[in-house]
Every structure is written in C-alpha cells, then in structure tokens.
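Student: Next comes the sequence, and after it the predicted model I'd like to discuss.
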Amino acid sequence: MLERYIEKFFRYLEIERNASGLTQLNYGHDLKEFSEFVGDVPLGKIDYLLLRRFLAHLKNNNLSKRSINRKLSCIRSFFKFLFKEGLVKSNPATLLSSPKLDKHLPQFLTEDETIRLLETVEGDDWRTLRDKAILETLYSTGMRISELLGLNTEDIDFISSVVKVRGKGKKERLLPIGSIALLAIRTYLEKRLKKSSIVFLNKNYTPLTTRGGRWIINKYIKKASLKSGISPHTLRHSFATHLLNRGADLRSVQELLGHSNLSTTQIYTHLTTERLKAVYDKFHPRA
C-alpha cells in the first residue's frame, strides 16, 4: 500500500535533500520493514496508535535503542514529507517519542598510544605505504573513514596543506592536513603502480571499501596491542580529544569534525579532565 509514497519520498531524498547513498540504503530497509508491518492499512488510517504498536514491535525484536531511534527518525522524515506534500491530513509521527539513549563516552587513545599505533606500519611496498597514509590522514584531519575513502587526488592541495572532504548529506568542507600525513600520501601515490583519480585503492586497484579500510586499521590496532574496543572511529575521537587537551576551542573542533550541532561536539569536553586537573594542580594555591 505504501510503495508509491515511498518512491516519492526517495525521489525527494535524492533530488532535494541530496541524501547520501548510505542514508538512502538505511531508509530503504527501515521503510520496507514499516511497510510490511502496516500491511494493507491505507495511508490515511495510519495513526499515532499504529506507530506506537510499530515501536513496540521494534522493542520486542531486541533492537538496540540506537537502532530503534534511527528507524523512528526515518519514519518521522517520511511522514513529515507526506504532510508537507499534502498526502496526509495530519502528521501522526509528531508526538512519537524516542527511547532515551544511554550516554557512552567515546573511546580514545592517549597521545603515546596514537604514536605507537602510527609507528606499527613498517615497510616500503605500495600497500604498506597506503596503510601508513590512511592512519596518518585519519589522525591528522579527524575525518570519518567514509570521507577518507571518498577522496580523489584533486581533493588534496599539497601546497596549501588542505583537503576537501564530502561529509554527511554530501556537505563539503575544507580541512587542514599536517605535513607528516601529506608526505605519507605523496610517498604512497608515487610508489603506487597504477594511476587513478581515487586516492585509496585495494590490491586489485579498485576503490577500497569501508569494510576493507576497517580491516586494515584493525590489523594495526592488533599489532600495536592496544586495548579492546578500539575502532577506526577511535582515531577521530582521539583527534578531537587531543586538540581540546592542548587548548583548542570547542567551536573550531566542531567545524573540523563537520558536526552540525555544537552539542554533538560537547561530548568531548568530558574527555578533557586530565588537562583541567593539570591546570588546577598548577595554579590553585591549595592544590
């Protein structure tokens, strides 16, 4: 019953919202599940109580609160679009509340642990040099692994030391990149046997996938014998934490990370107590 409305919604996502492929893929799965749950119920008969039953259905499937929230976000966007287009008389998702997420502080590495990780990459073949460039670039810029793997050679300005990345919602931003990371990228590109506009390639000289990138990073995490729970995203968390520990302001870190809301960046302030304690011990007369 909902298929034609879902098709309209996806055209809107692609053309007007410029939504990423990953967002469209996730929304596709979520709306398929919702459509199967609703069955033959006409669009105009879908009300708040039916949406509450769908929420209960998700909880009964033992989904995490984060997964449930993502699915509900999709449903809200879908009905907001339908209401805006005049396809429903009212929006039943307006009053739908999401499960409260447990607050987990992001895992990060100390500066010494980060250096240990970066120094585990040893060798001068093109694939090892690629791995070195991946790790150095992630830590130097704080970009997401999906942003890193989407880089083209023309996105990197070796003279001005900036790199252009395409973030969530295909929003572009310019990031400063350090000389060590730039040298690692240049060395890798010079040693690579095949020319390509894509920066990071796999052993078959095709674009490296997110899965492949994660596998590479996890290999060196294991080699460096770092604590459990470390992921490629940990380098992004470490980047932000180290900047704040050394005195960077929150607004600048927000721009570097590409966060649309400052509240998203504020979680890193909980990770900077070490710096605050050092300041306290140094300057308080009764410390």
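Tutor: Yep, that arrived. Residues are numbered from 1 along each chain as shown.
Student: quick one: buried residues of the helix or strand hosting Ile115?
Tutor: Taking DSSP states H and E as the definition, Ile115 sits inside helix 111-118. Neighbour counts using 16 or more other C-beta atoms under 10 Å place 113-114, 116-118 of helix 111-118 among the buried residues. To be clear about C-beta, it is placed using only N, CA and C from the backbone, and glycine gets the same treatment.
Student: For Pro207, list each beta-bridge partner.
Tutor: Leu201 (DSSP bridges).
Student: Now do the strands in the chain.
Tutor: 156-157, 162-166, 172-176 (DSSP state E).
Student: Which of those strands has the highest mean neighbour count?
Tutor: Among those, strand 162-166 has the highest mean neighbour count (mean count of other C-beta atoms under 10 Å), at a mean of 18.
Student: In terms of secondary structure, what does that one contact?
Tutor: Applying 3 or more C-beta pairs under 8 Å, 6 or more residues apart in numbering; DSSP states H and E, we find strand 162-166 packed against helix 126-141, helix 145-149, strand 156-157, strand 172-176.
Student: Save these as JSON lines, and put in distance to Phe81 and mean pLDDT too.
Tutor: JSON lines is the format used below for these (distance: least, C-beta to C-beta, whole Å; pLDDT from 0 to 100):
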{"stretch": "helix 126-141", "distance to Phe81": "34", "mean pLDDT": "96"}
{"stretch": "helix 145-149", "distance to Phe81": "25", "mean pLDDT": "92"}
{"stretch": "strand 156-157", "distance to Phe81": "37", "mean pLDDT": "96"}
{"stretch": "strand 172-176", "distance to Phe81": "25", "mean pLDDT": "91"}
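Student: For His29, which of the ones you listed is the nearest?
Tutor: Proximity to His29 (C-beta to C-beta) singles out helix 145-149 among those, at 17.8 Å.
Student: From the rest of the structure, what touches that closest one?
Tutor: 22, 134, 137-138, 165-167, 200, 207-210, 213-214, 217, 232-233 (C-beta atoms under 8 Å, 6 or more residues apart in numbering).
Student: Most widely separated two among the buried residues of helix 111-118?
Tutor: Farthest-apart pair in the buried residues of helix 111-118 is Glu113 and Leu118; separation 9.9 Å (C-beta to C-beta).
Student: Relative to Arg76, which of the strands of the chain is closest?
Tutor: Of the strands of the chain, the one closest to Arg76 (C-beta to C-beta) turns out to be strand 162-166, at 25.1 Å.
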